[in-house]
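Chemist: Okay, structure incoming, though there's no sequence with it:
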């Protein structure tokens, strides 16, 4: 009796399940992403635009927290439960996924023609022959400042290092504002917003970065140690107890109007627009000396690829073609000001602060973050070490020279540049 | 009794199997097999996308190569300090609180017990976030409080300084988990029959000496449990440091413990690609450390503890 | 009578210690809850003040409640926690009884085997567990979470319960056997009621990591209709990490359900303790 009942129940359940499936003719694509900050924008602006143009395809945006994304995604890909579309981190994290066969090559995607080689470099095999993700956005480093604070104290956006230090001193002497909103608690602020931000002006952008990869330059060389020295010089101008100041602390310190200058990057724009009650301006990393050539960290930040095991490759490719289009670039670039489209097509941006950042591309030579390509493949991991050492230098645990030497020694222990 | 048992052939005791089976099955299928599958990776290495058997080579790397060994010993050292602080602060204070609470005449006991247990039920996300805020020099709760008692000069950004971060985070862990020893000891103290206490009181043994002479020996097995739970919990700890100090366990790896060291190796972090093989080797070492500790407890301590049945 | 007078200072001292520790325990929670009701400027200017007419603001809660399907997430968490808890307690108590009551070959070894699970973080088995769930079609179901949490909770439950079961009077059980009760009846009717306080303790210990877990919901059941409240709150935190109004409100709301759950068990605990103490 009970067995019969149980069988009937199971049957009933499977019929219901089948009926449910029969109605759902639409294909649903799932996007794996770490950009949970953007969930609303995807749900309200981007996905509806795609679905309207492509009836029969539904898209779900499934975001994890950035800190858990890599681990969670790897587990899901290994077990075969990951989504159809994968948001790609730049360089090795995605290359590793491609090498393991989790991402499909996208060379035959027509939209790829819309991207320059430079735009694609973060999502290619080392030989540059295969691209496996459609570039979505890059971010530009710089300094955001409180225009009201600058006006009040009669400071102009500094162009050179000396002007920058003079401005910091003036703000500190006045005492109304904390000169620099930056802390070392999370360590990546010191590395990314500090060292990688101001560094390219000293190591001459791509020239220095490629020399590191080629092994002709060392991290203990003056052009890489000098940015550490400058960072160490910032410490007196940071807020009290900056050792325990975290990234959100710094953001709040600045948007509440308590700090004057925020060393950062364009990705802050959309958050800051909502939170700051004052007008913001931006200036590029100060030059070592008046008249020097300027370099700009213009870092590919995210792209999107296709799960090699997706059940809907046709639909997924349709979505990727759309991501490669001018329409997407304009939609995305304006929905998320500060994340700049990488396409060659002309894109009209509206946000004034984002336009300010973008305008620097005209005069300054763009470059990538020095640690991202190839150099962070081994143990010790160079990127992690740069985080730790940048914080150490500001905290006075290591001298700039010691930091440079430690980094180079770590790199030497596993990296053998191709001769 | 003994003669009876030897005379009759003992019946098959199916019920033992029935009692053990459900737990054994679920536990083996969903916990032990997957974990064993992971740990065996420690004997392999990924060579050209193929898992290749390399024997103990990963362990040789872990201990022989300073790039791994330094990190491992640093994490182990920090972990030992973390454990010592937890053991010396959390457990005595927990026992003290339980002893105070278990006094039958105490009023508001239920309120105190609930209040003191509240931190234990909170998620690590909340605990990490709350303490970061309170100790944050910007938000100023801790400096303001010290200011009220005229000690503002004592304040420093503890979580951000190499010297004080580990101690601070250990004390936060004590704060969070004190409810566990308190509850277990409390439950143990309550199971002591009133007759035993009354008999002691008739003999004039009251207050402190009653606790030391009568109650403490009776709750020794429970103290054994909380010690071993603290040991296991501390050497497996990860979440608190991860949420409060990040996966790099800063500043300058001063709060890096085995759990965070393992996480970075196994799952990767930022540009560091996860390495399941080295990760499994570290996990195996952690497992062995804990196994030795628990083994000592199970075979040498637990069997010698005297239990009193009531 | 003399005893009562001499214990008065002792009682005062006991209350002083307990009150002091209660303040330490509750202060961080109160700071979060109080500030969740204040405007952003006031959170920063006067973090220790109570919300006043000028500073009272519910914007944080408005932001949180407009996001995500929190009632559903809450229900999912509740189902997962309660079912896993039931299974852990039942199977755990059974196994603990077998280990503590009977002498059989390999008893200690079995005890050690069942304790292995508290020595390795189950998170390391993620890929194999996920493969298992994919193969059995359980991905994005609450069943997957329940299975994992049951397995995860068993070792600790068995470890603690077998210790407490050793304290149950052997005379009582032998009397039951002489009366002809089966081993099952002895376990369910005689032993279980006596270990209720420790069962409640184990329940609380098991419940906390299940309710607060982020990892397995993210891996095994991240779909919108199976999301747990902790996962929902964490995604939310990531989204608004600089919006302290929203963060503090989300944290306050996340504290509430688990506190209620704890209070329910804690009442059981007291009942168990008082009824167990009569014996």
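Modeler: Received it, and whenever you're ready, just let me know what you need. Being a predicted model, the structure only gives us computed values, none of them experimental.
Chemist: Next, the buried residues of stretch B:90-104.
Modeler: B:90-91, B:93-102 (16 or more other C-beta atoms under 10 Å in any protein chain shown). All C-beta spots, glycine's among them, are computed from the backbone N, C-alpha and C.
Chemist: Which one of those is nearest to chain A?
Modeler: Sorting these by how near they are to chain A, with C-beta to the nearest C-beta, puts residue B:90 at the top with 23.5 Å.
Chemist: Phi, psi for the closest one please.
Modeler: Per-residue torsions, residue B:90: phi -60, psi -50 (degrees, to the nearest 10).
Chemist: who's in contact with it?
Modeler: Under the criterion of C-beta atoms under 8 Å, 6 or more residues apart in numbering or on different chains, the contact list for residue B:90 reads B:173-174, B:177-178, B:181, B:230.
Chemist: one more time with 6 Å
Modeler: Residue B:90 is in contact with B:174, B:178, counting by C-beta atoms under 6 Å, 6 or more residues apart in numbering or on different chains.
Chemist: from the stretch 1-150 of chain B, which residue is nearest to chain C?
Modeler: residue B:34 (3.0 Å).
Chemist: Quick one: residues in contact with whichever strand or helix holds that residue.
Modeler: When secondary structure is defined using DSSP states H and E, the element that contains residue B:34 is helix B:33-39. Helix B:33-39 is contacted by residues B:280, B:284, C:120, C:124-125, C:128-129 when judged by C-beta under 6 Å, 6+ apart.
Chemist: which of these tops the neighbour count?
Modeler: Each of these was scored for neighbours by other C-beta atoms under 10 Å in any protein chain shown, and residue C:129 scores highest at 29 neighbours.
Chemist: Quick one: residues contacting that residue.
Modeler: Taking C-beta under 6 Å, 6+ apart as the definition of contact, the neighbours of residue C:129 are residue B:34.
Chemist: May I ask you to confirm that it belongs to a strand?
Modeler: No. Secondary structure assignment places residue C:129 outside any strand; it is helix (DSSP: H, G, I helix; E, B strand; the rest coil).
Chemist: Check the secondary structure at the residue sitting nearest the centre point of chain A for me.
Modeler: Closest residue to the average C-alpha location of chain A: residue A:301 at 3.8 Å, with C-alpha atoms, centre = their mean. Per three-state DSSP, the secondary structure class of residue A:301 is strand.
Chemist: how about the closest residue to it other than its chain neighbours, what does it touch?
Modeler: Counting by C-beta to C-beta, 6 or more residues apart in numbering or on different chains, residue A:139 is the residue found nearest to residue A:301 once chain neighbours are left out, at 4.8 Å. If you count contacts by C-beta under 6 Å, 6+ apart, residue A:139 has them with A:265-267, A:299, A:301.
Chemist: can you put these in JSON lines and add pLDDT and distance to residue A:371?
Modeler: Formatted as JSON lines, the contacts of residue A:139 follow (pLDDT from 0 to 100; distance: C-beta to C-beta, whole Å):
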{"residue": "A:265", "pLDDT": "91", "distance to residue A:371": "15"}
{"residue": "A:266", "pLDDT": "94", "distance to residue A:371": "19"}
{"residue": "A:267", "pLDDT": "92", "distance to residue A:371": "18"}
{"residue": "A:299", "pLDDT": "93", "distance to residue A:371": "11"}
{"residue": "A:301", "pLDDT": "93", "distance to residue A:371": "15"}
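Chemist: one step back: part of a helix, is the residue nearest to residue A:301?
Modeler: No. According to three-state DSSP, residue A:139 belongs to no helix; its state is strand.
Chemist: any idea whether residue A:349 is helix, strand or coil?
Modeler: In terms of secondary structure, residue A:349 is coil; the call rests on three-state DSSP.
Chemist: closest point of the stretch 151-300 of chain B to chain C, which residue?
Modeler: When distances are taken as C-beta to the nearest C-beta, the stretch 151-300 of chain B approaches chain C most closely through residue B:290, which lies 4.1 Å from it.
Chemist: Does that residue touch residue B:235 like I think?
Modeler: Yes. Shown here, residue B:290 and residue B:235 form a contact pair, counting by C-beta atoms under 6 Å, at 5.2 Å.
Chemist: What ranges does the stretch 251-400 of chain A have for its helices?
Modeler: Taking DSSP state H, counting those that start in this stretch, the helices of the stretch 251-400 of chain A run over residues A:269-275, A:313-323, A:326-335, A:352-363, A:382-395, A:400-412.
Chemist: by how many degrees do the last one and helix A:382-395 diverge?
Modeler: Meaning helix A:400-412. Our comparison of helix A:400-412 with helix A:382-395, counting by axes from the mean of the first three to the mean of the last three C-alpha atoms, to 10 degrees, yields an angle of 170 degrees.
Chemist: any low-confidence regions in chain B?
Modeler: B:1-11, B:309-310 (pLDDT under 70).
Chemist: can you list the residues of it near chain C?
Modeler: If contact is defined as C-beta under 6 Å from any C-beta of the partner chain, the residues of chain B in contact with chain C are B:15-16, B:19-20, B:22-23, B:26-27, B:30-31, B:34-35, B:37-38, B:100, B:112, B:115-116, B:118-119, B:121, B:123, B:126, B:130, B:134, B:139, B:141, B:144, B:183, B:187, B:190, B:225, B:232, B:236, B:283, B:287, B:290-291, B:307, B:309.
Chemist: So which of the residues you listed sit within helices?
Modeler: Among the residues of chain B next to chain C, the members found in helices (DSSP state H) are B:15-16, B:19-20, B:22-23, B:26-27, B:34-35, B:37-38, B:100, B:112, B:115-116, B:118-119, B:121, B:126, B:130, B:134, B:141, B:144, B:183, B:187, B:190, B:225, B:232, B:283, B:287, B:290-291.
Chemist: List only buried entries from these.
Modeler: When these are checked for burial by 16+ other C-beta under 10 Å, the buried set is B:15-16, B:19-20, B:22-23, B:26-27, B:34-35, B:37-38, B:100, B:112, B:115-116, B:118-119, B:121, B:126, B:130, B:134, B:141, B:183, B:187, B:190, B:225, B:232, B:283, B:287, B:290-291.
Chemist: host element of residue A:224?
Modeler: When secondary structure is defined using DSSP H and E, the element that contains residue A:224 is helix A:222-234.
Chemist: what does that helix contact?
Modeler: Under the contact criterion C-beta under 6 Å, 6+ apart, helix A:222-234 has outside partners A:180, A:194-195, A:198-199, A:202-203, A:208, A:393-394, A:400-401, A:403-404.
Chemist: so can I have a markdown table of these showing pLDDT?
Modeler: Conversion of the contacts of helix A:222-234 to a markdown table gives the following (pLDDT from 0 to 100):
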| residue | pLDDT |
| --- | --- |
| A:180 | 96 |
| A:194 | 95 |
| A:195 | 96 |
| A:198 | 96 |
| A:199 | 96 |
| A:202 | 97 |
| A:203 | 96 |
| A:208 | 95 |
| A:393 | 97 |
| A:394 | 96 |
| A:400 | 97 |
| A:401 | 96 |
| A:403 | 96 |
| A:404 | 96 |
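Chemist: In PyMOL, how would I select the buried members of these?
Modeler: Selection of buried members from the contacts of helix A:222-234 for PyMOL, criterion 16+ other C-beta under 10 Å:
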select buried, chain A and resi 180+194+195+198+199+202+203+208+393+394+400+403+404
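Chemist: closest point of the stretch 101-250 of chain C to chain A, which residue?
Modeler: For the stretch 101-250 of chain C, the residue closest to chain A is residue C:130, as judged by C-beta to the nearest C-beta, at 3.7 Å.
Chemist: Excluding covalently adjacent residues, which one is nearest to that residue?
Modeler: For residue C:130, ignoring the flanking residues on the chain, the nearest one in space by C-beta to C-beta, 6+ apart is residue A:79 at 3.7 Å.
Chemist: Counting neighbours, what do you get for the one you found?
Modeler: 21.
Chemist: how near is it to residue A:272?
Modeler: With distances defined as C-beta to C-beta, to the nearest Å, the gap from residue A:79 to residue A:272 amounts to 39 Å.
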